[in-house]
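In: Provided below for reference: sequence and predicted model.
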Amino acid sequence: MNSTKTAKHPAGLPYLFFTEMWERFGYYLMLGIFVLYMIDVEKGGLAIPDKVSYDIFGTFIAITYLTPFLGGFLADNKLGYIKSVFLGGTLMGLGYIALGIPGLRYAGISLSDQFVMTSFWLAMLLIVVGNGFFKPSISTLLGNLYSTPEFKERKDWGYNLFYMGINIGALLGPIFAAFMRNKYNWSASFITAGVGMFIGLVVFAIGLKHVRAGERKPEAASEDGKKDSSLSQVMSYVFLPAIGAGLLGWFLPQALFGGTLLDSRSTDAFLFASVPVIIFYISLWLKARESEKRPIAALLAIFAVSVVFWAVFKQNGTALTNWGKYFTDREVPQAVEGAARGLYQVETMESKVDSVALFDEQYRAVKKDGKSQKTLDRNVYFRNLPPERVPQNGEPVYLISTELFQSINPFWVVLLTPLVIAAFAWMRRRKKEPTTPGKIALGLVISALSTLVMVGAVYASSNGAMKVSPMWLVACYGVITVGELCLSPMGLSLVSKLSPPRFTALMMGGFFLSTSIGNKMSGVLAGMWYGYENKAWFFLVNCLLLLAAGLMAFLMLRWLNKVMEEKGLR
């Protein structure tokens, strides 16, 4: 494909598509088993309590999307986007491999628990720093390739295709995670994620001659000739204050109130640390050229409502994983059992009475002095299974691996993306296509409907007393995927359309900041799961949050559309 006026898309698109596909393969392979690995008490996991694991998960994915703020700034002003992609991808690949360090135990090498946990935290650090460089840079490269006149009108389409590449990787990641975990161990899965990331970098290197057109030289001067912000200013006025605010959030509530403001000290620290970063983005708006103020204000408004979407959406790794593990009938149909076992996509669950991990009535592992307690019983999976379904002869049952539920959402994305693109193209021909902000507002309302599907699942299960069909999760993911396709790729496209060229990657970092805060709040919301006796209320609260955000977006829609018109955009 050539970047000519007869081509529908830039020649660099396939290389960015497959680079991002392999990067997301590694990320979602890791993410699909992240909580399962932390809470595992039977197969070499970290045996961390469920609620603590949810907090770690929320903090991890939050910081992962907070670092693009600094990475985007450095890409815009110092490194350039191509170097940032290579640097970020390398750090992430090493981080995934570092998560596999405990696998040395399988080779007979003795590792202390302290060493294992240290390697765990180091691996997380490499991943979050690497993502900070990689994520805003590759998204900006794509937007720049579509900024020329011959491709400008297809930018939304290009981001939808790019998003499909993301989700092909996200679809395959959990499948490979299940294969490697069931055939080998946790560590083999994490190392596979690292290999995937490095394959992505090889693809990126092969396509460099086509991607270079998306590189932009730094142009960080304002109208008076002064730079908007230098690296030293960002470090002095944003980065260091964020660290200080984080420490304040960690210690101050404990000192003043003897407890935390929200669910944990890490949540308090993260939200305190976000304040200087948010202030920085507001200052960009205040100091911007007059012609840039309204577009930047529009982006900041979209960032704000997007937080709520990500707070609900990212519960796929916590509350919905929990639902899949304990409240979903995961037994593999006999018709596909043999093939699924051959591909290592199933868990073998012994049904005989034996010494097993003890769980409380909320399906939390019971611990004493930090050690998991045991009881003589069947595995907890059989607790809410109808008695007639429990094998009486002690034979094992074969279950769908829990991490495979993480593939449902990307499966829907891959399936529905061409349909969504076709639907918007059909409306475009009839001059009825919603504007990009209109699609985002619509996405929030559609996403709210997905939570009502789970309300139905709760009632079908008699509030968890009986397992229900996995089709409830399939349907929930299907609905929220339609909302996601209206919001997430459109958000990336909007940033590319409205951002001043001299700090596009920095504004991409702002979009990911909203994702970051939403990710952290997803952990807060998921931690409330155990506080609801009737689990339907958990999902109804999520529904109300999304509807409120959707209402705010529709109230701002006329103004947002006006800003788009002023830029000659839709």
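Out: Noted; the coordinates are in hand. All figures in this text were calculated on a predicted structure; none of them were measured in a lab.

In: the one helix or strand residue 194 maps to: which residues count as buried?
Out: Remark: residue 194 resides in helix 186-206, with elements defined by DSSP states H and E. With burial defined by 16 or more other CB atoms under 10 Å, the residues of helix 186-206 counted as buried are 186-201, 203-204. (Each C-beta comes from the backbone N, C-alpha and C, glycine too.)

In: mind giving me the packing neighbours of that helix?
Out: The contact analysis (3 or more CB pairs under 8 Å, 6 or more residues apart in numbering; DSSP states H and E) places helix 186-206 against helix 13-39, helix 81-99, helix 155-183.

In: please identify the deepest-packed of those.
Out: helix 13-39 (a mean of 25; mean count of other CB atoms under 10 Å).

In: list the buried residues in the helix or strand following it.
Out: Sequence-wise, the next helix or strand downstream of helix 13-39 (DSSP H and E) is helix 50-64. Buried residues in helix 50-64, counting neighbours by 16+ other CB under 10 Å, are found at 50-51, 53-64.

In: what helices or strands is helix 50-64 leaning on?
Out: For helix 50-64, the packing partners by 3+ CB pairs under 8 Å, 6+ apart are helix 13-39, helix 113-145, helix 265-287, helix 504-527.

In: how far does the helix or strand of the chain with the lowest mean pLDDT sit from the chain's center?
Out: Within the chain, confidence by mean pLDDT, DSSP states H and E is lowest for helix 231-234 among all helices and strands, at a mean of 70. The chain centroid and the centroid of helix 231-234 are separated by 29 Å under CA atoms, centre = their mean, to the nearest Å.

In: do the same with stretch 263-271
Out: Centroid separation for stretch 263-271 versus its chain: 19 Å, with CA atoms, centre = their mean.

In: counting neighbours, which bits of it end up buried?
Out: Residues of stretch 263-271 classed as buried by neighbour count (16+ other CB under 10 Å): 263, 264, 265, 266, 267, 268, 269, 270, 271.

In: what about the fifth one, distance to residue 525?
Out: Spelled out, it's residue 267. Remark: distance between residue 267 and residue 525 (CB to CB, to the nearest Å) = 11 Å.

In: and if you look at the third one?
Out: With the distance defined as CB to CB, residue 265 ends up 18 Å from residue 525.

In: can you check residue 440 too?
Out: Distance, residue 440 to residue 525, using CB to CB: 21 Å.

In: re earlier: could you tell me the least trusted of the helices and strands packed on helix 50-64?
Out: When these are compared by mean pLDDT, helix 504-527 comes last with a mean of 83.

In: in the following helix or strand past that helix, what counts as buried?
Out: For helix 504-527, the following helix or strand on the C-terminal side (DSSP H and E) is helix 536-566. Neighbour counts using 16+ other CB under 10 Å place 536, 538-540, 542-543, 545-547, 549-550, 552-554, 556-557, 560-561, 563-564 of helix 536-566 among the buried residues.

In: elements contacting helix 536-566?
Out: So helix 536-566, by 3+ CB pairs under 8 Å, 6+ apart, packs with helix 290-313, helix 436-460, helix 471-498.

In: 10 Å - rerun?
Out: With contacts taken as 3 or more CB pairs under 10 Å, 6 or more residues apart in numbering; DSSP states H and E, helix 536-566 sits against helix 290-313, helix 319-326, helix 436-460, helix 471-498, helix 504-527.

In: residue 39 reaches residue 326, doesn't it?
Out: No - checked against CB atoms under 10 Å, the pair residue 39 and residue 326 is beyond contact range at 11.2 Å.

In: identify the contacts common to those two.
Out: residue 364 (CB atoms under 10 Å, 6 or more residues apart in numbering).

In: residue 432: neighbouring residues, count only.
Out: Residue 432 has 9 neighbours, counted by other CB atoms under 10 Å.

In: no no, residue 106
Out: Neighbours of residue 106 using other CB under 10 Å come to 12.

In: just checking, it is part of a strand?
Out: No - counting by DSSP: H, G, I helix; E, B strand; the rest coil, residue 106 falls outside a strand, being helix.

In: contacting residues around it?
Out: Residue 106 neighbours (CB under 10 Å, 6+ apart): 44, 184, 185, 187, 188.

In: pLDDT-wise, what's the bottom of these?
Out: Per-residue pLDDT puts residue 44 lowest of the contacts of residue 106, at 76.

In: ok, so what distance separates the residue lying farthest from the centre of the chain from residue 62?
Out: Going by CA atoms, centre = their mean, the residue of the chain most distant from its centre is residue 393, 42.5 Å out. Residue 393 sits 48 Å away from residue 62, taking CB to CB as the criterion.

In: so where's this protein uncertain?
Out: 1-7, 107, 216-231, 569-570 (pLDDT under 70).

In: how's this protein carved up into domains?
Out: 13-218+289-326+403-566, 229-288, 334-401 (automatic domain parsing).

In: please identify the deepest-packed of these.
Out: Ranked by mean neighbour count, the domains of the chain are led by domain 13-218+289-326+403-566 with a mean of 21 (mean count of other CB under 10 Å).

In: centre of the chain to that one, how far?
Out: The answer for domain 13-218+289-326+403-566 is 3 Å, by CA atoms, centre = their mean.

In: may I have whichever helix or strand comes after the least confident helix or strand of the chain as PDB, with CA atoms only?
Out: Following helix 231-234 in sequence order, the next helix or strand is helix 240-257 (DSSP H and E). Extracted C-alpha coordinates of helix 240-257, given in PDB (Å, rounded to 0.1, in the frame of the first residue of the first chain):
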ATOM      1  CA  LEU A 240       8.400  16.400  42.000                       C
ATOM      2  CA  PRO A 241       5.200  18.000  43.400                       C
ATOM      3  CA  ALA A 242       3.300  14.800  42.300                       C
ATOM      4  CA  ILE A 243       5.800  12.700  44.400                       C
ATOM      5  CA  GLY A 244       5.400  15.100  47.300                       C
ATOM      6  CA  ALA A 245       1.600  15.100  47.000                       C
ATOM      7  CA  GLY A 246       1.600  11.300  46.800                       C
ATOM      8  CA  LEU A 247       3.600  11.000  50.100                       C
ATOM      9  CA  LEU A 248       1.200  13.500  51.600                       C
ATOM     10  CA  GLY A 249      -1.800  11.400  50.600                       C
ATOM     11  CA  TRP A 250      -0.100   8.300  52.000                       C
ATOM     12  CA  PHE A 251       0.600   9.800  55.500                       C
ATOM     13  CA  LEU A 252      -1.700  12.800  56.100                       C
ATOM     14  CA  PRO A 253      -5.200  11.000  56.200                       C
ATOM     15  CA  GLN A 254      -3.700   8.400  58.600                       C
ATOM     16  CA  ALA A 255      -2.300  11.100  60.800                       C
ATOM     17  CA  LEU A 256      -5.400  13.300  60.800                       C
ATOM     18  CA  PHE A 257      -8.200  10.700  60.800                       C
END
